[in-house]
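Participant: Give me a model of this one.
(chains A, B and C)
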Amino acid sequence: MGENSDDRVGAEMRDVVGRAVEVMREQLGHQLTVDDLARSAMFSRFHFSRIFQRVTGVSPGRFLSALRLHEAKRLLLATSDSVTDISYQVGYHSVGTFSARFHSSVGLSPSAYRQAGGFTTMVSTEPRARRRPGSALVHGRLRSTEADETGVIFVGLFPEPVPQGQPVCGTIMAEPDHFLLTDVPSGTWYLVASSVRTAYAAGTEPEPFVAVTGPVTVHPCAVLSVDLPLRRRRAVDPPLVLGRLTVPAPTPCYGAAS
DNA sequence: CGAAGGCGATCTGAACCCTC
DNA sequence: GAGGGTTCAGATCGCCTTCG
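Facilitator: Residues are numbered from 1 along each chain as shown, chains lettered A, B, ... in the order given. Okay, here's the model as predicted:
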């Protein structure tokens, strides 16, 4: 099988971005700038930003922010360190910034998140009692060659490729299968699927499988079909920055009844 | 691929709140 | 009153667009 030059360039870009992500992970507690990362990759910051965004779907700053919050979530549950200590450990020099960023992304303040044991009521997958006027429907199939290992999967629509904050709608599945999202507001969204754990084990990767596609433009009253190939999470995939999900028992296709 | 300019996102630090 | 955490206004940084 011949490798064309685009494949090689793509592989080189992924390597460059992969190394930058490694640097981010290793130096999470330091003040890293895009300039630093670009220099270590031997690129100008302009070119580096463009490559990074092409490979990961998000800017370097957003990716770093997601990594910090993801690690903070882990530390809040796995340690008894104070919120102030954790904010410094993940690279924030101001606990105020950390608290505000955490709240806007996860939906709870750091201390409230810890008290709740990592659960948040913000991410609701319950079907709405009353449908939005002109809402659309998105359905498709979640495919995986490792269906036995994926565990519970969250599928949701987000305004950005980094799944953080509240999804515009979502559902929970017991295993890769046909999914249906009802009551989807019109707009441009990213469809994200990620395996999730209901029991958060400290020091383990809680979202080993992921699928991201988009942007998908949803028109009023439209019916969209989107297939999602679920794959193992790569180092260059942005982490999931949701709170743990408050979910009922997963069903293969909930919300199907209309 | 590099650079400039505009603008939105993020950060800092201080004031404020809450609990003990 | 002290310590830990949250909120907020202003400053700074980074991203996006456009052009060379």
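
Participant: Next, the buried residues of the helix or strand where A:F179 lies.
Facilitator: Using DSSP states H and E, A:F179 sits in strand A:178-184. Neighbour counts over strand A:178-184 (16 or more other C-beta atoms under 10 Å) mark A:179-184 as buried. Just so you know, the C-beta spots here come from the backbone N, C-alpha and C atoms, and that holds for glycine as well.

Participant: tell me the two of those residues that are most distant?
Facilitator: The largest separation in those, counting by C-beta to C-beta, is between A:F179 and A:D183 at 13.9 Å.

Participant: one step back: mind exporting the strand holding A:F179 as CSV, just the C-alpha atoms?
Facilitator: Output in CSV follows, covering the C-alpha atoms of strand A:178-184 (Å, rounded to 0.1, in the frame of the first residue of the first chain):
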residue,chain,number,x,y,z
HIS,A,178,-28.3,3.1,17.0
PHE,A,179,-28.8,6.5,18.7
LEU,A,180,-31.5,9.1,18.5
LEU,A,181,-31.3,12.7,19.6
THR,A,182,-34.7,14.4,19.7
ASP,A,183,-35.6,18.0,20.3
VAL,A,184,-32.3,19.3,18.7
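
Participant: Run the chain-centre distance for it.
Facilitator: 19 Å (C-alpha atoms, centre = their mean, to the nearest Å).

Participant: Can you spell out which helices and strands pack onto that strand?
Facilitator: Judged by 3 or more C-beta pairs under 8 Å, 6 or more residues apart in numbering; DSSP states H and E, strand A:178-184 is in contact with strand A:136-143, strand A:153-158, strand A:169-173.

Participant: Figure out which of the ones you listed is closest to A:P208.
Facilitator: It's strand A:153-158; of those, that one is closest to A:P208 (C-beta to C-beta) at 11.0 Å.

Participant: That closest one near DNA strand B anywhere?
Facilitator: No - Strand A:153-158 does not reach DNA strand B (C-beta under 7 Å from any atom of the strand); its nearest approach is 13.8 Å.

Participant: Show me what counts as buried in that strand.
Facilitator: A:153-158.

Participant: hmm, that strand touching DNA strand C?
Facilitator: No - looking at strand A:153-158 against DNA strand C by C-beta under 7 Å from any atom of the strand, there are no contacts, and the closest approach is 14.8 Å.

Participant: all helices of the stretch 51-200 of chain A, in order?
Facilitator: Along the stretch 51-200 of chain A, counting by DSSP state H, counting those that start in this stretch, helices occupy A:60-78, A:83-89, A:95-106, A:110-115.

Participant: most tightly surrounded among those helices?
Facilitator: Stretch with highest mean neighbour count among those: helix A:60-78 (a mean of 21; mean count of other C-beta atoms under 10 Å).

Participant: residues from chain A in reach of DNA strand B?
Facilitator: Counting by C-beta under 7 Å from any atom of the strand, chain A sits next to DNA strand B at A:31, A:43-44, A:46-47, A:61-62, A:65, A:92-97, A:100-101.

Participant: of those, closest to A:A136?
Facilitator: For the residues of chain A next to DNA strand B, the nearest to A:A136 is A:R62 (26.8 Å; C-beta to C-beta).

Participant: interface residues of the stretch 51-200 of chain A facing DNA strand C?
Facilitator: Contacts of the stretch 51-200 of chain A with DNA strand C, taken as C-beta under 7 Å from any atom of the strand, map to A:53, A:59-62, A:82-84, A:95-97, A:99-100, A:103, A:109-112.

Participant: so what's the closest residue to A:S94 other than its chain neighbours scoring on pLDDT?
Facilitator: The shortest distance from A:S94 to any non-neighbouring residue, by C-beta to C-beta, 6 or more residues apart in numbering, is to A:S87 (7.5 Å). The per-residue pLDDT reported for A:S87 equals 87.

Participant: again with A:G165
Facilitator: For A:G165, the model assigns a pLDDT of 66.

Participant: Which of the helices of the stretch 51-200 of chain A sits closest to A:R233?
Facilitator: When those are ranked by proximity to A:R233 (C-beta to C-beta), helix A:60-78 comes first, at 11.6 Å.
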